[in-house]
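Undergrad: below are the sequence and a predicted model; questions follow.
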Amino acid sequence: AQTVTQSQPEMSVQEAETVTLSCTYDTSESDYYLFWYKQPPSRQMILVIRQEAYKQQNATENRFSVNFQKAAKSFSLKISDSQLGDAAMYFCAYRSRGSGSRLTFGEGTQLTVNP
Amino acid sequence: EAGVAQSPRYKIIEKRQSVAFWCNPISGHATLYWYQQILGQGPKLLIQFQNNGVVDDSQLPKDRFSAERLKGVDSTLKIQPAKLEDSAVYLCASSSIGPGTDTQYFGPGTRLTVL
């Protein structure tokens, strides 16, 4: 079974600075998807960024980018120019490539953005 | 495009009572998921439907939880009887099927408190 580990329960960053959230995963599969979701206090799970394992290029979405290291099974999220609205719980998630496969989530990292 | 709808948003019940949650997925999404998120943890899949059929219910406590998806659209998740440990947020998500449709979109969740 796949597992996802987020070793940082809490992180903080100053507004306009850069922060990196860590995620590692364990799998025997070679093709899969990885995601970062953001969950603000409203509890709505919002997709931040996705990465396909067969693509070597790291995904980027505006101020959010990932560092995907397939051999190391590492998938970190970098948030540049942090904004107050980025404060939330961030979850890393894994999904097998088969259609409709479940998401396996990490335990989450609570990000605080200080003004 | 309307997102995933869930109701109610909040529910408080006594232990041993029954409760039901409703989910309406994004129009045209064939796959529907119910996740349970206990406070301080990542979501855990309870059940996955593809159209009317159950794809994965391996983590559903079948002695007390049940779910159905009539006509392949709306879904209802029921707990009967509820236990204290069922206090959690219940998230519904949906996704399309086929190539490039790997992303799951989440509803706002139902927060259940069992007293």
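TA: Arrived safely.

Undergrad: show me the shaky parts of chain A.
TA: For chain A, applying pLDDT under 70 flags the ranges A:99-100.

Undergrad: residues near the residue of it found nearest chain B, how many?
TA: Per Cβ to the nearest Cβ, A:Phe105 is where chain A lies closest to chain B, at 3.1 Å. To be clear about C-beta, it is placed using only N, CA and C from the backbone, and glycine gets the same treatment. By the criterion of other Cβ atoms under 10 Å in any protein chain shown, A:Phe105 has 22 neighbours.

Undergrad: and it, what is it in contact with?
TA: By Cβ atoms under 8 Å, 6 or more residues apart in numbering or on different chains, the contact list for A:Phe105 reads A:Val4, A:Tyr37, A:Phe91, A:Cys92, A:Ala93, B:Gly42, B:Pro43, B:Lys44.

Undergrad: burial of the residue lying closest to A:Ser30 once chain neighbours are set aside, as a residue count?
TA: Nearest non-adjacent residue to A:Ser30, counting by Cβ to Cβ, 6 or more residues apart in numbering or on different chains: A:Ala53, 7.2 Å away. Residues within reach of A:Ala53, counting by other Cβ under 10 Å, total 19.

Undergrad: so A:Ala53 makes contact with A:Leu34?
TA: Yes. The pair A:Ala53 / A:Leu34 is scored as a contact, 6.9 Å apart, by Cβ atoms under 8 Å.

Undergrad: what do the two both touch?
TA: A:Phe68.

Undergrad: so the residue of chain B at minimum distance from chain A, which of the three states?
TA: Of all residues in chain B, B:Gly42 sits closest to chain A, at 3.1 Å by Cβ to the nearest Cβ. Look at B:Gly42: counting by DSSP: H, G, I helix; E, B strand; the rest coil, its state is coil.

Undergrad: quick check: closest non-adjacent residue to it.
TA: Counting by Cβ to Cβ, 6+ apart, the residue nearest B:Gly42 is A:Phe105, at 3.1 Å.

Undergrad: who does the one you found bridge with?
TA: In this entry, A:Phe105 is beta-bridged to A:Ala93, by DSSP bridges.

Undergrad: from B:Leu70, how far off is it?
TA: 28 Å (Cβ to Cβ, to the nearest Å).

Undergrad: kindly report the same for A:Ala16.
TA: Taking Cβ to Cβ, one finds A:Ala16 at 50 Å from B:Leu70.

Undergrad: same check, this time on A:Ser80
TA: 46 Å.

Undergrad: neighbour-wise, which of these two wins?
TA: Comparing A:Ser80 with B:Leu70 by other Cβ under 10 Å, the one with more neighbours is A:Ser80, at 14 against 9.

Undergrad: right, and the more buried one touches A:Ala16 too?
TA: No. Assessed by Cβ under 8 Å, A:Ser80 is found out of contact with A:Ala16, at 9.2 Å.

Undergrad: would you mind listing what in chain A touches chain B?
TA: When proximity is defined by Cβ under 8 Å from any Cβ of the partner chain, chain A lies next to chain B at A:4, A:33, A:35, A:37, A:42-47, A:50, A:91, A:93, A:95, A:97, A:99-100, A:102-103, A:105-108.

Undergrad: and with 10 Å instead?
TA: Residues of chain A lying close to chain B (Cβ under 10 Å from any Cβ of the partner chain) are A:4, A:6, A:9, A:32-33, A:35, A:37, A:39, A:42-47, A:50, A:52, A:89, A:91-93, A:95-108, A:110.

Undergrad: surely A:Ser65 is in a strand?
TA: Yes. Counting by three-state DSSP, A:Ser65 is part of a strand.
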